[in-house]
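Chemist: Pasting the sequence and the predicted model now:
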There are 2 protein chains.
Amino acid sequence: MTATKNAPHNAGTVRMSADERRTAAVRAAVEEFSVGGYNGTSTAAIAKRIGVSQPYLFRLFDDKRQLFLAAVEECFRRVVVTFDQATEGLDGIAATHAMGHAYQELLDREPTLLRMQMQAYVAGMDPDLQADIRACWSKLDELVRVRTGITGEELTNFFARGMLCNVIAALDLPKQIYFEETYDEQGDVVHCDYCREAEAAAAAKAADAG
Amino acid sequence: MTATKNAPHNAGTVRMSADERRTAAVRAAVEEFSVGGYNGTSTAAIAKRIGVSQPYLFRLFDDKRQLFLAAVEECFRRVVVTFDQATEGLDGIAATHAMGHAYQELLDREPTLLRMQMQAYVAGMDPDLQADIRACWSKLDELVRVRTGITGEELTNFFARGMLCNVIAALDLPKQIYFEETYDEQGDVVHCDYCREAEAAAAAKAADAG
DNA sequence: ACAGATTTAGTTATTGGTCACTAAGTTTGC
DNA sequence: GCAAACTTAGTGACCAATAACTAAATCTGT
């Protein structure tokens, strides 16, 4: 009695394949979980964001936990892709610098990704989720090690600075407090030699493609 | 009608002053919130831990938010105290090293404090809490700056490495992955020159007191 | 010294609301 | 016409916060 008999049940929403919906749901989940965290985000909020009823989410995912893990994996996947693209044709310290710059750029362009990471780490305190979150971390660790070849203090500082970026994203601190950039007379960012190497590699690749 | 007429209402629990209870509640809150976070921890769990009814917590604190903030402040206070004690009689790079060591020791001895910090940072994404959490961060930042005098890259790396410790605590990673210590033939930890300076300062202070 | 008054530390019972998840049905594209 | 995409309706569990009450400690006047 709530709807006229022959009016469409779900007017306004587009019909999608389950896989397409799942993908949309994961994207939405990243957005929602990144600010509310696992316990502070309702499945209803995620459903609303993709224009679907809340119970339908449970046809796409076994439970909230699975949806959260999918969001975490998507988040790490996007970071991995970023690192991948940033270090094409580079290795050693040049690759390390490139990754560092790329991550700091994420802080400006996609703070959601860094916030979602924070949420993943605290969710990792729950024994039910810890193993999966650790696996995400390990993959990232692995990528950095093989792409850069750095170890010891250098590796530690790389990840450490990444984690500081995450906190800056969470608290919305002005990033120049800890990451100052220097500008030339034109107001452009001054790049170091490693940056120039990275730019050269990118230019070479572009020339190759074009 | 639920209890025999003259039987004590709260048999088994000790009577405390409100201030004592509040202190106990804050300690319990740090324990509980550090693993469950703001949204994943019930006030009932905290009340149970100090042997008090759940509604009574709301006589001691206005609401859950206040209780959480008290726990966050207690957590940061304990870190500040640790840094304070670790750097007595030191400054400059020696103080920086001493703080760094002290923080890494917290990772072994009081992982709860580092986990609680993570919870504070993600809770700081909530606009209602962000200002207070930022204030805690600022205090810590200020302390490190005045005690060590470091700036720029050095300061950044100091905080960055701290944040990495927090993540290690959260995910229960083996800390030697990023913080290897070297041991001598006796199996004792090898200290650097700055450590020795710190030890000398501590010894001098002990001699002064004794 | 002690009875009554007052404050302080606690209780139980309850409520309004939220949330994850289930069951059973309806619509739509092919 | 059927399978796959989606809905509404509902349930039981939990949870922050309130209300109303009780008992123990402390103060006060005589």
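Modeler: It's in.

Chemist: now the angle from the one helix or strand residue A:117 maps to to helix B:111-123?
Modeler: If you go by DSSP states H and E, residue A:117 is part of helix A:111-123. Counting by axes from the mean of the first three to the mean of the last three CA atoms, to 10 degrees, helix A:111-123 lies at 150 degrees to helix B:111-123.

Chemist: CA atoms only for helix A:111-123, dumped as CSV, please.
Modeler: Only the C-alpha atoms of helix A:111-123 are listed here, as CSV (Å, rounded to 0.1, in the frame of the first residue of the first chain):
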residue,chain,number,x,y,z
PRO,A,111,43.5,12.5,1.5
THR,A,112,40.7,9.9,1.6
LEU,A,113,43.2,7.2,0.8
LEU,A,114,45.5,8.2,3.6
ARG,A,115,42.6,8.4,6.1
MET,A,116,41.4,5.1,5.0
GLN,A,117,44.8,3.6,5.8
MET,A,118,44.6,5.0,9.3
GLN,A,119,41.2,3.3,9.6
ALA,A,120,42.7,0.1,8.4
TYR,A,121,45.5,0.2,11.0
VAL,A,122,43.2,0.8,13.9
ALA,A,123,40.8,-1.9,12.6
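
Chemist: Identify the residues contacting that helix?
Modeler: A:30-31, A:33-35, A:37-38, A:68, A:71-72, A:75-76, A:78-79, A:106-107, A:129, A:133, A:136, A:165-170, B:37, B:115, B:118-119, B:121-122, B:125, B:167, B:170-171 (CB atoms under 8 Å, 6 or more residues apart in numbering or on different chains). Where C-beta positions appear, they are placed from N, C-alpha and C, glycine not excepted.

Chemist: Would you list the buried entries among those?
Modeler: A:30-31, A:33-35, A:37-38, A:68, A:71-72, A:75-76, A:78-79, A:106-107, A:129, A:133, A:136, A:165-170, B:37, B:115, B:118-119, B:121-122, B:125, B:167, B:170-171 (16 or more other CB atoms under 10 Å in any protein chain shown).

Chemist: Could you find the closest non-adjacent residue to residue A:45?
Modeler: In this structure, residue A:45 finds its nearest non-sequential neighbour in residue A:32, 5.1 Å apart by CB to CB, 6 or more residues apart in numbering or on different chains.

Chemist: Apologies, that question was intended for residue A:201.
Modeler: residue A:89 (3.8 Å).

Chemist: still on that earlier bit, tell me which of the contacts of helix A:111-123 fall in helices.
Modeler: A:30-31, A:33-35, A:37-38, A:68, A:71-72, A:75-76, A:78-79, A:106-107, A:129, A:133, A:136, A:165-170, B:37, B:115, B:118-119, B:121-122, B:167, B:170-171 (DSSP state H).

Chemist: hey, which helix or strand in chain A has the poorest pLDDT?
Modeler: Using mean pLDDT, DSSP states H and E, helix A:193-209 stands out as the lowest-scoring helix or strand of chain A, at a mean of 72.

Chemist: Just the CA atoms of it, as CSV, please.
Modeler: Only the C-alpha atoms of helix A:193-209 are listed here, as CSV (Å, rounded to 0.1, in the frame of the first residue of the first chain):
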residue,chain,number,x,y,z
ASP,A,193,68.2,16.2,-8.8
TYR,A,194,66.3,13.0,-8.2
CYS,A,195,63.1,14.8,-9.2
ARG,A,196,64.7,15.8,-12.5
GLU,A,197,65.7,12.3,-13.1
ALA,A,198,62.1,11.2,-12.6
GLU,A,199,60.9,13.9,-14.9
ALA,A,200,63.3,12.8,-17.5
ALA,A,201,62.2,9.2,-17.2
ALA,A,202,58.5,10.3,-17.5
ALA,A,203,59.4,12.4,-20.6
ALA,A,204,61.2,9.5,-22.2
LYS,A,205,58.2,7.3,-21.6
ALA,A,206,55.8,9.9,-23.1
ALA,A,207,58.0,10.3,-26.2
ASP,A,208,58.1,6.5,-26.5
ALA,A,209,54.3,6.3,-26.4
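
Chemist: Stretch A:55-72 near chain B anywhere?
Modeler: No. Applying CB under 8 Å from any CB of the partner chain, one finds stretch A:55-72 separated from chain B by no less than 12.2 Å.

Chemist: Now do the host helix or strand of residue A:81: which elements does it pack against?
Modeler: According to DSSP H and E, residue A:81 maps onto helix A:64-86. Packing contacts for helix A:64-86, counted by 3 or more CB pairs under 8 Å, 6 or more residues apart in numbering or on different chains; DSSP states H and E, involve helix A:18-40, helix A:43-49, helix A:92-109, helix A:111-123, helix A:127-148.

Chemist: where does chain A have low pLDDT?
Modeler: The model of chain A has pLDDT under 70 over residues A:1-13, A:182-184, A:187-191, A:193, A:198, A:202, A:209-210.

Chemist: Which residues of it lie near chain B?
Modeler: Counting by CB under 8 Å from any CB, chain A sits next to chain B at A:34-40, A:115, A:118-119, A:121-122, A:124-126, A:130, A:133-134, A:137, A:141, A:152, A:155-157, A:159-164, A:166-167, A:170-173, A:177-180.

Chemist: can you rerun that using 7 Å?
Modeler: A:35, A:37, A:39-40, A:115, A:118-119, A:121-122, A:124-125, A:130, A:133-134, A:137, A:155-157, A:159-161, A:163-164, A:167, A:170-172, A:178-179 (CB under 7 Å from any CB of the partner chain).

Chemist: Burial check on residue A:145, number of neighbours?
Modeler: 13 (other CB atoms under 10 Å in any protein chain shown).

Chemist: ok, now residue A:91?
Modeler: Residues near residue A:91, counting by other CB under 10 Å: 13.

Chemist: What degree of burial does the closest residue to residue A:192 other than its chain neighbours show, as a neighbour count?
Modeler: Distances taken as CB to CB, 6+ apart place residue A:97 nearest to residue A:192, at 6.9 Å, with adjacent residues excluded. For residue A:97, the count of nearby residues is 22 (other CB under 10 Å).

Chemist: Check the one 5 residues further on too.
Modeler: The burial metric for residue A:102, expressed as a neighbour count using other CB under 10 Å, is 18.

Chemist: Please apply the same query to residue A:54.
Modeler: Applying other CB under 10 Å, we find 13 residues neighbouring residue A:54.

Chemist: That one against residue A:45, yeah?
Modeler: No. The criterion here is CB atoms under 7 Å, and residue A:54 misses it with residue A:45 at 8.9 Å.

Chemist: No more questions from me, cheers.
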